[in-house]
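Peer 1: Fold the stuff below for me.
(2 chains)
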Amino acid sequence: MKKNYGVIYTLPTGLWVSLFFLVPVIIVFLYSFLERGELGGVVWSFSLKAYQDMLSPTFLHILVITLLISLAATALTLLIALPCGYYMARSKKKSLYLFLIIIPFLTNFLIRIYAWQAILGNSGFLNNFLIRLGLIEDHIQFLYNEWAVIIVLVYSYLPYAILPLYSTIEKFDFSLLEAARDLGTSHPGSIMRVMIPNIRAGIVSAVLFTFIPTFGAYAVPKLVGGGKNSFMLGNIIADEILVNRNWPFASATSILITLVTTAALGLYMFANKSAARAAQRKKI
Amino acid sequence: MKGSEVRIEGIDKRFGDFHALKDVSVVVRKGEFFSLLGPSGCGKTTLLRIIAGFETPSAGLVYVDGANILPLPPNRRHVNTIFQNYALFPHLTVFENVAFPLRLKKLSRQEINRKVEDYLTLTKLTGQEYKKPAQLSGGQKQRVAIARALVNEPDVLLLDEPLSALDAKLRQHMLIELDTIHDKIGITFIYVTHDQQEALSVSDHIAVMNEGRVVQVGNPTEIYESPEDIFVANFIGEANLFHGTVSSVEGEMVSVDVKDLGILNVTMEPGDLEGMRDFKPGKKVSITVRPEKINIAIEKPPDLQPDVFSFFPCVVEEVIYNGFQSKFFVKVSGGAQGPETGPGNGNFTVKAFKQHVSYYSAGPEIKWKDRAWIWWKADDAYLVEVHDA
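Peer 2: Residues are numbered from 1 along each chain as shown, chains lettered A, B, ... in the order given. Presented below is the predicted three-dimensional model:
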């Protein structure tokens, strides 16, 4: 029998992933079941207090806000990314557009968020522009609320949604749309019935690539958010570690974020499986 | 008769600088198998896409049973298309692909099941219902495309080079099947192809297209035996072309002087010359003779009369054996009436196809480099074009 050396080839990656990914997750998981130390750190005795604290109305409010913001950001991103990807895939200047999509990555993420402060600020570009046009008399408060967070989140993760959509739409056979039209659908109907099901993989990737990072967002709500409706789970973790010195609670919140994002992935895999099973059933 | 009459009037189409269709007018009769035949880039697919509704012509009208259909979007035309690449929906099973147009019409479950089964039976796809297109062979995909296009019971079926992706054997087979389906359901078929064999074998009428124009419309025999011009003669089947000057006209018999070759006699159809008043000696003309109408043998038959036959000595340059026939490419020298000018030093290549109708051929076998004779009847020469100059 031929020996399978493939396992050996995966050793470096395996070691790397377990050392720097799996082990930290296990540590965080363990810490969430310990008691908090006076000055930070943990006391090594089992406790469920961190999870009990999650039932507080304040925390539940933040959880709901986080969910709403990340869902809204994901939906908006998808709405913008779909036509973008469609247009790019049909355009003759594909490489130009791909380059344009990648350009933002040449600038540091934080600097780009500060740039948004310069755009949306009370004496920022947008307010100045609107005042000069005479559309408004006084500045509008764009920054430091949930809407600013959503806008900047959409901006930040748009490229991650456009790229997978572009690559699936590019492979899509557009003559299928003509076939659908020929067989009796309207133009929007042909997109819904034929194109969307065939680029599903790209849509799911785009949703996951946006939802997972926005659900754990920290910097964006920290810098452009404000008030109680844009404080997100990522901010709790930082506060609990740095301000309240409650490491177990910070760990428990991290675990919650991991669970929710894993659930999103799991849902996707389950949906795929049940679709396959439904197809199987029809055969019999 | 089911199906619809399609009347195309003065269709013009430009893509930027490219003039794809130039004043095309064609009438497709109710229920016939009509082919648009031409080389790639001749505009045949564009014309089909205009009928389907995927392109808007720059000028002209398309009538189906007397009503102009150009204002209608593709989904409101009673016309369905079989696409070159089949365009089956990859996310749907065979059954769902065929059911697609019926579900749009919101037919009842039973009706959908019945119709889909009917058309899957017609296209011999029973048992394949729950396969996805990716699991099908090329021929099966083709059948699904046919079933899906027909299940809507359109008045006109448009076929855009539907067989081009299949191998030669399967293509023959599917062509016969398409013809059978056409006979069964009797709707109008408009069939786009660049393959003259396909067009000749199944069509009621053919429109030969070239560079955005319809060059000739006729039934297969007319297209093959009386091509309108040199392009059609060359494009349909194989042809030997001779260019020369008319030397005499006697009744139906026209004698043409072909440079370096000699006199060729052409028998015209009765009445053909009446329309051409200025047709007289001195006119430049082109003549075509189909290779299968040219006889070839080592020995010249003794009873060939020069006013009924044209005959030349030649040297065999190439022999291509095809099983059912042999193709001879021979070099003919000038001097029609005898070997005295010496065969084999001319510069005329003539194609002669000999059918192997029986196992034992008459006369000695003709081989490469042999000196031989070719001859044909003046009736089989066809005056294809009269040049103005």
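Peer 1: so where's chain B uncertain?
Peer 2: Along chain B, the model assigns pLDDT under 70 to residues B:1, B:275-278, B:333-347, B:361-362, B:389.
Peer 1: Have a look at it and report its longest strand.
Peer 2: Among the segments of chain B that qualify as a strand by DSSP state E, the longest is strand B:309-321.
Peer 1: Now do the buried residues in that strand.
Peer 2: Residues B:Phe309, B:Ser310, B:Phe311, B:Phe312, B:Pro313, B:Cys314, B:Val315, B:Val316, B:Val319 are the ones in strand B:309-321 that count as buried (16 or more other Cβ atoms under 10 Å in any protein chain shown). Heads up, the C-betas are built off the backbone N, CA and C, glycines and all.
Peer 1: As CSV, those residues with distance to A:Val23 would be great.
Peer 2: Supplementary listing: the buried residues of strand B:309-321 in CSV, determined by distance: Cβ to Cβ, whole Å:
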residue, distance to A:Val23
B:Phe309, 98
B:Ser310, 95
B:Phe311, 97
B:Phe312, 93
B:Pro313, 95
B:Cys314, 90
B:Val315, 88
B:Val316, 85
B:Val319, 80
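Peer 1: closest to A:His61 among those?
Peer 2: Top of the list for closeness to A:His61, among those and by Cβ to Cβ, is B:Val319 at 92.4 Å.
Peer 1: Run through the bridge partners of the closest one.
Peer 2: Judged by DSSP bridges, the bridge partners of B:Val319 are B:Phe328.
Peer 1: Now do it against B:Lys351, distance only.
Peer 2: B:Val319 sits at a distance of 11 Å from B:Lys351 (criterion: Cβ to Cβ, to the nearest Å).
Peer 1: Quick check: neighbours shared by those two?
Peer 2: B:Lys327, B:Phe328, B:Phe329 (Cβ atoms under 8 Å, 6 or more residues apart in numbering or on different chains).
Peer 1: Nearest to chain A among those?
Peer 2: When the shared contacts of B:Val319 and B:Lys351 are ranked by distance to chain A (Cβ to the nearest Cβ), B:Lys327 comes first, at 38.7 Å.
Peer 1: Pull up the distance across stretch B:320-328, start to finish.
Peer 2: Distance across stretch B:320-328, first residue to last, is 7 Å (Cα to Cα, to the nearest Å).
Peer 1: Tell me which residues of it come out buried.
Peer 2: Those would be B:Ser326, B:Lys327, B:Phe328, for stretch B:320-328 by 16+ other Cβ under 10 Å.
Peer 1: does the closest residue to the first one other than its chain neighbours count as helix, strand or coil?
Peer 2: What that stands for is B:Ser326. In space, B:Ser326 comes closest to B:Lys354 once its chain neighbours are excluded; the distance is 5.1 Å by Cβ to Cβ, 6 or more residues apart in numbering or on different chains. Secondary structure assignment for B:Lys354 (DSSP: H, G, I helix; E, B strand; the rest coil): strand.
Peer 1: and the gap between B:Lys354 and chain A?
Peer 2: For B:Lys354, the distance to chain A (Cβ to the nearest Cβ, to the nearest Å) stands at 45 Å.
Peer 1: do the same with B:Asp12
Peer 2: For B:Asp12, the distance to chain A - Cβ to the nearest Cβ - is 22 Å.
Peer 1: contacting residues for that residue?
Peer 2: Residues near B:Asp12 by Cβ under 8 Å, 6+ apart: B:His19, B:Leu21, B:Lys22, B:Asp23, B:Val24, B:Pro57, B:Ser58, B:Ala59, B:Gly60.
Peer 1: about what we covered before: work out the gap between the longest strand of chain B and the centre of the chain.
Peer 2: Distance of strand B:309-321 from the chain centroid (Cα atoms, centre = their mean, to the nearest Å) equals 27 Å.
Peer 1: on that earlier part again, who wins for most neighbours among the contacts of B:Asp12?
Peer 2: The residue in these with the most neighbours, by other Cβ atoms under 10 Å in any protein chain shown, is B:Leu21 (28 neighbours).
Peer 1: So which elements touch the longest helix anywhere in chain B?
Peer 2: Ranked by number of residues, the top helix in chain B under DSSP state H is helix B:168-185. Under the contact criterion of 3 or more Cβ pairs under 8 Å, 6 or more residues apart in numbering or on different chains; DSSP states H and E, helix B:168-185 touches helix B:109-122, helix B:138-150, strand B:188-193, helix B:196-202.
Peer 1: would a markdown table of these with distance to chain A and mean neighbour count be doable?
Peer 2: Formatted as a markdown table, those follow (distance: least, Cβ to the nearest Cβ, whole Å; neighbours: other Cβ atoms under 10 Å in any protein chain shown):
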| stretch | distance to chain A | mean neighbour count |
| --- | --- | --- |
| helix B:109-122 | 13 | 16 |
| helix B:138-150 | 7 | 23 |
| strand B:188-193 | 14 | 26 |
| helix B:196-202 | 21 | 19 |
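Peer 1: Leaving out sequence neighbours, find the closest residue to residue 164.
Peer 2: Using chain A. Nearest one to A:Pro164, counting by Cβ to Cβ, 6+ apart, is A:Ser205 at 3.8 Å.
Peer 1: To clarify, I was referring to chain B.
Peer 2: Counting by Cβ to Cβ, 6+ apart, B:Ser164 lies nearest to B:Gln84, which is 6.2 Å off, once chain neighbours are set aside.
Peer 1: measure the one you found to B:Ala145 for me?
Peer 2: 10 Å.
Peer 1: Pull up the overlap in contacts between those two.
Peer 2: Taking Cβ under 8 Å, 6+ apart as the contact criterion, the residues that touch both B:Gln84 and B:Ala145 are B:Pro162.
Peer 1: thinking again about what came up before, list the buried residues for the helix or strand hosting the residue nearest to A:Pro164?
Peer 2: Applying DSSP states H and E as the criterion places A:Ser205 in helix A:200-215. Neighbour-count burial for helix A:200-215, counted by 16+ other Cβ under 10 Å, picks out A:202-215.
Peer 1: No further questions, thank you.
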